[in-house]
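[1] What follows is a predicted protein model with its sequence.
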Amino acid sequence: TFFFISRIVLMIFLIVMHFCPDARSDMEDALMLKITLPETRTIPQYGKFEARIETNLQCTNPFNPEEVDLQVRFLTPTGVTHTMPAFYDEEDGKPVWKVRYAPMEVGDYHYYAALGDARTDTQTFACVPSDRDGFIRLSPHDSRYFQFDSGKPYFAVGHNVCWADDYEPYFQQMAAHGENHTRIWMIHWNVALEWSGGDYPGLGRYHLGKASRLDHILELAEQYGVYIMLCLESFNTLRIRQPYPAYQGNPYAQENGGMLEKPEQFFTHPEARRLFKQHLRYLVARYAYSPHIFCWEFWNEVDIIEKYISEEAVAWHQEMARYLRQIDPMEHLITTSFAGTAGDAAMWRLPEMEFTQNHQYGSKDMAESIRRWTQRNISEFQKPHIFGEFGTDAGGPRSEKDPDGINLHNGIWAAALSGSAGTAMLWWWDNYIEPNKLYYHFQPLAQFVADVDWPHANFRDAEIGDIRYVTQPELETKDLSLPCTAGWGHHPVHQ
């Protein structure tokens, strides 16, 4: 009976293949999905897990998740499921799909890749204890400060290095002098993945050479113990007028094949918002594994785009921050920044903006300005605060009048002792700190803050009481006499 039934099934199969060529073609073109196992199945806690995914899927834009929504799902030892998007890359001109992840729990992990209804077999790896501190979080003990997953406090000591041809010399000097913090822009002259012109592939597609360079920068940051405020956009890209406009090269602009008639439409146009979410997805897929991304900073000085409309910008930030929190299992911190020192209170009140920033240049008493703005922000918004940029002026020349870095010294100490979660960050790195070798200013401060348990210290502002004598001294008072016995004349001493 079994033999008879088997023959009937086989005959039906052959008839279908003969008379239904579409079915035969579908079976021949069936989706193949396979994980290439990493070299090791033992990953240190907070270390980098990376695997490749083989597939025969054909697509027109591998960066578009509406076309290719390839994901890898990780089941943690405590039963939590993390979904990481896979990302497209190329090696030696050949396409390759990868997934990256950082296990945060010790124990056995189970994972598989999924694309639509197709999925791979479940694989496993073991996460073992390590001496890594993990990701940087808001402290649950004191709303002014940060701490690592390990509970160790993180006090940010550093300055801006927003772009550079080679980051290693900077990171070497910073590490040698106790700095652990910097800020990097994803701008088109540095590591922007998306732009127009040159060898950029166009809107919605990403420059894999720039992506690879950012891989290398993060590896250097891990090597030298530097944590990065990764700034995703800058006002330049939505600015037409001087100073520093770059809208003419923005791929979202209609002039470059995009959809924006005006720069400010970036925050409201549905297609622009969809494409930016696609961009965020790729960043998370490729870089979110790294604890050395201190935070995602949406914008540098968003208020000086061509036309800043607070309501629209605030709504955009909230939408993007919620999306980012949804797709980033590592839950990196999120912020933004403003050119106007006061910023936008409506933005800072968003719970999605997890710490505030100030930028300021040209103050006659920078230490007092940093103290005042730091304490104002902390008091008003009850969040950690970082002074993201400062300098003697916004143009740079006045720095030449301070070759010894007195303003730098005053700024970093003022922030540290005013309740800030880190030092104020000087802007002029390549034409001031580096050529004048002013890194030495950071070392004493780094040593001073190193052993302070900031979240648990319960610091408060020092209060100066009335100054009075404990015992009133006996004072003899006399009239002051100024005898005029000689005229001023033209004696040299009076010149």
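    Okay, I see it.

[2] could you pull out the helices for the stretch 301-450 of the chain?
    310-327, 345-348, 366-381, 406-416, 434-436, 442-449 (DSSP state H, counting those that start in this stretch).

[3] Can you add distance to residue 426 and mean neighbour count and give those back as TSV?
    Just so you know, the C-beta spots here come from the backbone N, C-alpha and C atoms, and that holds for glycine as well. Formatted as TSV, these follow (distance: least, CB to CB, whole Å; neighbours: other CB atoms under 10 Å):
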stretch	distance to residue 426	mean neighbour count
helix 310-327	26	17
helix 345-348	23	18
helix 366-381	10	19
helix 406-416	5	22
helix 434-436	11	14
helix 442-449	10	17
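
[4] Quick check: which of these is nearest to residue 254?
    Distance to residue 254, taken as CB to CB, is lowest for helix 310-327 among the helices of the stretch 301-450 of the chain, at 18.8 Å.

[5] average pLDDT across the closest one?
    Across helix 310-327, the average pLDDT comes to 98.

[6] Next: stretch 445-462.
    Rounded mean pLDDT across stretch 445-462 is 95.

[7] and what of stretch 396-414?
    Here the average pLDDT along stretch 396-414 is 88.

[8] From start to finish, how long is it in a straight line?
    One end of stretch 396-414 sits 21 Å from the other (CA to CA, to the nearest Å).

[9] Distance to residue 227 added to the helices of the stretch 301-450 of the chain, as a markdown table?
    Output for those, formatted as a markdown table (distance: least, CB to CB, whole Å):
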| stretch | distance to residue 227 |
| --- | --- |
| helix 310-327 | 18 |
| helix 345-348 | 22 |
| helix 366-381 | 20 |
| helix 406-416 | 16 |
| helix 434-436 | 20 |
| helix 442-449 | 13 |
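
[10] between those helices, which one is nearest to residue 107?
    Closest among these, once you apply CB to CB, is helix 310-327, at 24.0 Å.

[11] which residues are in contact with the closest one?
    83, 85, 264, 267-268, 273, 276-277, 280-281, 284, 296, 298, 302-303, 331, 334, 336, 344, 346-347, 350, 352-353 (CB atoms under 8 Å, 6 or more residues apart in numbering).

[12] one step back: and residue 148, which of the helices of the stretch 301-450 of the chain is closest to it?
    Comparing the helices of the stretch 301-450 of the chain by CB to CB, helix 442-449 comes nearest, at 14.8 Å.

[13] What lies in contact with that closest one?
    155, 157-159, 174, 177-180, 412-413, 416, 423.

[14] any idea which of the residues you listed is closest to residue 168?
    The closest of those, once distances to residue 168 are taken by CB to CB, is residue 174, at 10.5 Å.

[15] Okay, and that closest one sits in which element?
    Using DSSP states H and E, residue 174 sits within helix 168-176.

[16] Show me what the mean pLDDT comes to for that helix.
    98.

[17] Kindly export the helix or strand following it (C-alpha atoms) in CSV.
    Heading C-terminal from helix 168-176, the first helix or strand you meet, by DSSP H and E, is strand 181-185. The C-alpha trace of strand 181-185 is given here as CSV (Å, rounded to 0.1, in the frame of the first residue of the first chain):
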residue,chain,number,x,y,z
HIS,A,181,35.3,61.2,25.0
THR,A,182,34.9,62.9,21.6
ARG,A,183,32.4,64.0,19.0
ILE,A,184,32.4,63.0,15.4
TRP,A,185,30.2,64.3,12.6
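
[18] Helix or strand with the lowest mean pLDDT in the chain?
    One helix or strand of the chain scores below all others by mean pLDDT, DSSP states H and E: helix 21-28, with a mean of 38.

[19] Would you write a PyMOL line that selects the buried entries of the contacts of helix 310-327?
    Of those, the buried ones go into a single PyMOL selection, burial set by 16 or more other CB atoms under 10 Å:
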select buried, resi 85+264+267+273+276+280+281+284+296+298+302+303+334+336+344+347+350+352+353
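
[20] If you count contacts, what does the helix holding residue 174 end up packed against?
    Secondary-structure packing of helix 168-176 (3 or more CB pairs under 8 Å, 6 or more residues apart in numbering; DSSP states H and E): strand 181-185, helix 208-224.

[21] Give me the contacts around stretch 65-85.
    Contacting residues not belonging to stretch 65-85 are listed as 35, 51, 53, 55, 57, 59-62, 86, 88, 97, 99-101, 103-116, 127, 278, 281-282, 284-285, 288, 327, 329 [CB under 8 Å, 6+ apart].

[22] buried residues in that stretch?
    Using 16+ other CB under 10 Å as the test for burial, stretch 65-85 gives 65, 68, 70-72, 74-76, 82, 84-85.

[23] Straight-line length of it, end to end?
    Chord length of stretch 65-85, first to last residue, is 9 Å (CA to CA).

[24] circling back to that earlier point, from the contacts of stretch 65-85, which ones fall inside strands?
    Judged by DSSP state E, the contacts of stretch 65-85 include 35, 51, 53, 55, 88, 97, 99-101, 107-115, 127 as members of strands.

[25] How many neighbouring residues does residue 222 have?
    Around residue 222 there are 15 other residues, counting by other CB atoms under 10 Å.

[26] Can you verify my assumption that it contacts residue 290?
    Yes - counting by CB atoms under 8 Å, residue 290 is a contact partner of residue 222 at 7.1 Å.

[27] follow-up on the earlier one: the contacts of helix 310-327 in strands, which ones?
    Going by DSSP E, the strands hold 83, 85, 296, 298, 334 from the contacts of helix 310-327.

[28] where does this protein have low pLDDT?
    Across the chain, residues meeting the criterion (pLDDT under 70) sit at 1-29, 397-398, 469-470, 472-473, 484-495.

[29] Let's see that with 90 instead.
    1-31, 37-40, 57, 393-401, 461-495 (pLDDT under 90).

[30] what about stretch 421-432, start to end distance?
    Between the opening and closing residues of stretch 421-432 there is a gap of 24 Å (CA to CA).

[31] Tell me the gap between stretch 417-427 and the middle of its chain.
    17 Å (CA atoms, centre = their mean, to the nearest Å).

[32] how about the nearest residue to residue 244, chain neighbours excluded?
    Once flanking residues are discounted, residue 244 sits nearest to residue 236: 5.1 Å by CB to CB, 6 or more residues apart in numbering.

[33] From what I see, the one you found and residue 186 are in contact.
    No - using CB under 8 Å, residue 236 is not in contact with residue 186, being 11.8 Å away.

[34] can I get the CA coordinates of stretch 119-130 in CSV?
    C-alpha atoms of stretch 119-130 as CSV (Å, rounded to 0.1, in the frame of the first residue of the first chain):
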residue,chain,number,x,y,z
ARG,A,119,14.2,31.3,8.1
THR,A,120,17.4,29.5,8.8
ASP,A,121,18.1,26.8,11.3
THR,A,122,18.6,28.0,14.9
GLN,A,123,22.2,28.4,15.9
THR,A,124,23.9,29.0,19.3
PHE,A,125,26.8,30.8,20.9
ALA,A,126,27.9,31.2,24.5
CYS,A,127,28.5,34.6,26.1
VAL,A,128,31.2,34.5,28.8
PRO,A,129,32.1,37.0,31.5
SER,A,130,34.5,39.8,30.5
